[in-house]
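Enquirer: I need the structure of the sequence given here:
(one chain, ligands or ions: 1)
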Amino acid sequence: MKSPAAEYWRVHTAFSRFRSLCEHPKGELNHVNAFTLLVAVVLSAQATDVGVNKATKHLFRSIDSPAKMLALGEEGLIAHIRSIGLFRNKAKNVIKLSRILVEEFDGEVPSSRAALQSLPGVGRKTANVVLNMWFHHPAQAVDTHIFRVGNRTGLVPGKNTDEVERAIEDKVPAEFQSHAHHWLILHGRYVCRARRPDCGQCIINDLCEFDNKS
Ligand code: SF4
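Expert: Model prediction:
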């Protein structure tokens, strides 16, 4: 069992290295404002960022507000997002949330988690992505990559995504909180991959507790 001080330095060292590799990590979902970010995140559930970006490339050139989305309508939106999984359900949610934004929030995306999560198709993870990327709130949106990296390395472990979210909030030093989830996503997406983690090239290899390093 490591002492709290030793564990603090392990986590601190890992995130210092992530930061030295990429000081200002960014999300990979294309957007032009808070509304298009919210729509992109809703569309990205169980889909890749690359797939969503392909579908929204033309869409967001002309449709960048809840009012314009309402004018486009469900069928019009479906024509753009047909290549994305669960597109019918997602289109329904985007139209519904656009109506609520127009009628109840003056067409603006709200900046509280409770208000965001009251919108159709917006769960805690989606709300956290918007809070972090647009409102610069140190919210941690735990996806499958973060869950895997957090548990393999033992840096921010948890039995479910809520526990990993809490572990990041509790264990990662304040100076890294704003970018923590982006660093973990990038590490999971490009180095600590699900099937064949690239342990030989990993900058936190010596800090990682995974038993089956490649
Ligand atoms: S050493 Fe391997 S398992 Fe550990 S974080 Fe790096 S890539 Fe992932």
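
Enquirer: so where is the protein shaky, pLDDT-wise?
Expert: Scanning the chain for pLDDT under 70 picks out 1.

Enquirer: for the ligand, what are the nearby residues on it?
Expert: Contact residues (CB under 6 Å from any ligand atom) of the chain with the ligand: 152-153, 191-192, 197-199, 202, 204-205, 208, 210, 213. Backbone N, C-alpha and C define where each C-beta goes, glycine included.

Enquirer: may I have the secondary structure class of Asp206?
Expert: Secondary structure state of Asp206, per DSSP: H, G, I helix; E, B strand; the rest coil, is helix.

Enquirer: neighbours of it, how many?
Expert: 9 (other CB atoms under 10 Å).

Enquirer: centre of the chain to the strand or helix carrying Arg61, how far?
Expert: Assigned by DSSP states H and E, Arg61 belongs to helix 49-62. Centroid separation between helix 49-62 and its chain, computed with CA atoms, centre = their mean, to the nearest Å, is 17 Å.

Enquirer: residues of the next helix-or-strand element following it that come out buried?
Expert: For helix 49-62, the following helix or strand on the C-terminal side (DSSP H and E) is helix 66-81. Using 16 or more other CB atoms under 10 Å as the test for burial, helix 66-81 gives 66, 69-70, 72, 77-78, 80-81.

Enquirer: tell me which two of those sit farthest apart.
Expert: Spanning the widest gap among the buried residues of helix 66-81 are Pro66 and Ile78, at 17.4 Å by CB to CB.

Enquirer: all helices for this structure, in order.
Expert: 4-21, 34-43, 49-62, 66-81, 87-104, 113-117, 124-133, 144-153, 161-171, 180-190 (DSSP state H).

Enquirer: give me the residues contacting the fourth one.
Expert: It stands for helix 66-81. 35, 39, 43, 55-56, 58-59, 62-63, 87-88, 90-92, 94-95, 97-99, 101-102, 107 (CB atoms under 8 Å, 6 or more residues apart in numbering).

Enquirer: ok, of those residues, which come out buried?
Expert: In the contacts of helix 66-81, the ones that pass as buried (16+ other CB under 10 Å) are 35, 39, 43, 55-56, 59, 63, 87, 90-91, 94-95, 97-98, 101-102.

Enquirer: need the phi and psi values for Asn160.
Expert: Asn160 adopts backbone torsions of phi -150, psi 180, taken as degrees, to the nearest 10.

Enquirer: tell me how far it lies from His181.
Expert: To His181, Asn160 is 16 Å away according to CB to CB, to the nearest Å.

Enquirer: okay, those two: which has more neighbours?
Expert: His181 (29 against 9).
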